[in-house]
Every structure is written in structure tokens, then in C-alpha cells.
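In: Curious how this folds, go ahead:
(one chain, ligands or ions: 1)
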Amino acid sequence: MLVVAAALIDAEGRVLMARRPAGKQHAGLWEFPGGKVEPGEAPKAALVRELREELGVEIDPDALDPVAFSESLGERHLVLLLYRCRSWRGEPRALDAAEIRWVAAGDLTALDMPPADGPLAAALAAEC
Ligand SMILES: Nc1nc2c([nH]c(=O)n2[C@@H]2O[C@H](COP(=O)(O)OP(=O)(O)OP(=O)(O)O)[C@@H](O)[C@H]2O)c(=O)[nH]1
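Out: Numbering: from 1, shown residues only. Just a heads-up that it's a prediction; the model follows:
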């Protein structure tokens, strides 16, 4: 399973994190907004679609820069691609998540996250 996710970074260097809603896998954990790449879909196009659906923001695919990827060997083998994004149109809203929050880069690794996210949060924090 290929999953794409974004670190939206605001002017203060904070990262937007989303808490997974009840009833879903990893419910209550904090993740980078994003989702599954559909068959035949380009990863950046999938991420633009997911951020529109989940946060109500519009993003130019050229504004997405790769940061790192991570793998998780659970029931389903998951490959998670993380992109950085510093510009978007619209104010992010929690259309799908239980809650969204701007988090200082140095505080990211203190959040409860799905296993695949820890290395990505560390890579991002090291760059910020
Ligand atoms: N968006 C996102 N998903 C992640 C992250 N880390 C991680 O393990 N995942 C997993 O990757 C998958 C993403 O799928 P998704 O968000 O499109 O799907 P979903 O389970 O919400 O529901 P769906 O089945 O209705 O599409 C989930 O299994 C989710 O737990 C992350 O940082 N961001």
C-alpha cells in the first residue's frame, strides 16, 4: 500500500498534524494529513486530492518537496512518502480528522503516532 502525506509548514515553522478519528485504524494517533494513492494515480496528484478532501486547502503539486519515506511491515506492507509544503490556498479545517493542530517541529516526536511516522517526524525535525 502506497500512502502519501504532507508536512504543511507555517510562517513560524510549525507543522500541521491531524488526529485520526475514532473507528479507524490508528484512531486517536497523530499523523501527517494525506492518504492512499489510488491505482494509476500519481503520488503528488493523490496528495493534492487528499489535502483538498481532508483540510479544504488547494495546493500546487510543484509546491510539494519530498522529505523522506518510511516503511511499515504490519498486516499490510505500507510505504509512506512524506512531502513538505510551505504554500497553499485556504485555511486548513478538520473536515476528516478528529482534530488538527500546529506543532513546533521540535515537539513532533513527542506525539503519539503510527509506527511508520516516527522516523519521518525525526527527519523533518532535523531539517527544520
Ligand atoms: N494519512 C496518513 N496515513 C498514515 C500515516 N501514517 C500511517 O501509518 N498511515 C496509515 O496509512 C493509511 C492511510 O489510509 P487513509 O487515511 O487513506 O485511509 P483510512 O484508513 O483513513 O480510510 P479509508 O479506508 O476510508 O480510506 C492508514 O492505514 C493510516 O493508518 C500518516 O502520517 N498519514
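In: For whichever residue of the chain sits closest to the ligand, grab phi and psi.
Out: The ligand sits closest to residue 35 of the chain, with a gap of 2.9 Å, by C-beta to the nearest ligand atom. Where C-beta positions appear, they are placed from N, C-alpha and C, glycine not excepted. Main-chain torsions, residue 35, degrees, to the nearest 10: phi 170, psi -170.
In: list the buried ones in the longest helix along the chain?
Out: Longest helix in the chain by number of residues, with DSSP state H as the criterion: helix 43-55. Across helix 43-55, burial judged by 16 or more other C-beta atoms under 10 Å covers 43, 44, 46, 47, 48, 49, 50, 51, 54, 55.
In: Look up the residues forming beta bridges with the residue of the chain closest to the ligand.
Out: Note on residue 35: beta-bridge partners by DSSP bridges are residue 4.
In: ok, now which ones touch it?
Out: 3, 4, 5, 46, 50, 53, 54 (C-beta atoms under 8 Å, 6 or more residues apart in numbering).
In: where's it relative to residue 102, distance?
Out: Applying C-beta to C-beta, to the nearest Å, the value for residue 35 to residue 102 is 20 Å.
In: Could you pull up the residues touching the residue most central in space within the chain?
Out: The residue lying closest to the centre of the chain (C-alpha atoms, centre = their mean) is residue 32, at 2.3 Å. Residues in contact with residue 32 (C-beta under 8 Å, 6+ apart) are 5, 6, 7, 15, 17, 18, 82, 117, 120.
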